[in-house]
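S.K.: Pasting the sequence and the predicted model now:
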Amino acid sequence: MFQGTERQALQLSLFEQQPISKSKIVNVASVRQLSPFRYPGGKTWLVPIVREWLQQRDKKPAELVEVFAGGGIIGLTAAQERLADHVTMIELDPDVASVWLTILSGDAEWLAEKILGFELTVLNAHEAIEKPFSDTKERAFQTILRNRICHGGILAHGSGFLKHGENGKGIASRWYPETLAKRIRYIMTFRDRITFIEGDGLCHLRNVAKIPDVAFFIDPPYTAPGKRAGKRLYNFFEINHEELFDIVSTLNGDFMMTYDDAGSVREMAEARGFFVSHVLMKGTHHNKMFELLVTPCEHIL
Ligand SMILES: C[S@@+](CC[C@H](N)C(=O)[O-])C[C@H]1O[C@@H](n2cnc3c(N)ncnc32)[C@H](O)[C@@H]1O
């Protein structure tokens, strides 16, 4: 899974655990993309670390809960690779939720066909997106279309269509109908291992806090103070992080939280005795991203 220097970096972090650990390096190229979304803040690049986290346990968790699902890559991967017996994904945004509700229901094939049959032009896209939807599956189609043709996949109000995109292909540059239909159809093959809940992740966490043998992947909307100021990536971007940390400290099960690297996050984690580690991601274009992982104290990554 990890090679060369990546393996060494991971091993270093395995054996040199400290309150703020050595950096781990993740290479995104090794990850299979299962989600139909291109999601801002998506955690595809974190898949190798989550896989390692779930596989190193003595016993596979009965349940993996992905609390702020978004594009859902962690939940999808865990279900597809059977890293947990069952996966529950939770998302508050009704547009994003409509996609998961549709793909995990009997309407997945409808959505795949709708995508394949859509002729993408700027005019058609405006018409399709502005048309009032009459049911969940139509909302799902509109959401996927917007996600694929808007800047950075941003679904928040006010996000605009891609103008130039890749190779000057404009709105078509991220619209791959065959790939999207294939992904949707592939998810259909293991959807019986996934439950989706449209709702508030914090409420759900409170409800399941005491259930044993559940692992939690928690990737809340968060922007480090001063970074990307004023830029909204999500329609639902405000949560009470102190409250989230308080709930997490009551969980019986194992957890992994991910955050932008910020002093305030380290403080919230350390105040509750959690373990904080630092991950470095190298993307396919050699871009680098840092992220904090917060896990229970006793957890060895
Ligand atoms: C950082 S993104 C998650 C990205 C995801 N891990 C992925 O790989 O695509 C945070 C998500 O939390 C959702 N969200 C915001 N508040 C929420 C809440 N109270 N309960 C559940 N989801 C929420 C946002 O709509 C957004 O999709």
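M.R.: Happy to help now that I have it.

S.K.: What helix or strand is the residue of the chain most remote from its centre located in?
M.R.: In the chain, the residue that sits farthest from the middle, by C-alpha atoms, centre = their mean, is residue 123; the gap is 30.8 Å. For residue 123, the host element (DSSP states H and E) is helix 122-130.

S.K.: Relative to the ligand, how far out is residue 61?
M.R.: 18 Å (C-beta to the nearest ligand atom, to the nearest Å). In this view, the C-beta of every residue, glycine as well, is placed from N, C-alpha and C.

S.K.: what's the distance between that residue and residue 54?
M.R.: 7 Å (C-beta to C-beta, to the nearest Å).

S.K.: Between the two, which contacts overlap?
M.R.: 83, 84, 215 (C-beta atoms under 8 Å, 6 or more residues apart in numbering).

S.K.: which residues touch the spatially closest residue to residue 185 that is not a sequence neighbour?
M.R.: The shortest distance from residue 185 to any non-neighbouring residue, by C-beta to C-beta, 6 or more residues apart in numbering, is to residue 112 (5.6 Å). Neighbouring residues of residue 112 by C-beta under 8 Å, 6+ apart: 180, 181, 184, 185.

S.K.: Test for you: state the pLDDT assigned to residue 112.
M.R.: At residue 112, the pLDDT value in this model is 98.

S.K.: measure it to residue 81 for me?
M.R.: 22 Å.

S.K.: cool, and residue 217?
M.R.: Distance of residue 217 to residue 81, given as C-beta to C-beta: 14 Å.

S.K.: Among these two, which residue is more densely surrounded?
M.R.: Higher neighbour count among residue 217 and residue 81: residue 217, with 26 against 15, using other C-beta atoms under 10 Å.

S.K.: the helices in the stretch 101-250 of the chain, which residues?
M.R.: Secondary structure of the stretch 101-250 of the chain (DSSP state H, counting those that start in this stretch): helices located at 108-117, 122-130, 136-149, 177-188, 201-208, 241-248.

S.K.: For residue 42, find the nearest of the ones you listed.
M.R.: Across these, residue 42 has its closest neighbour in helix 136-149 (10.8 Å, C-beta to C-beta).
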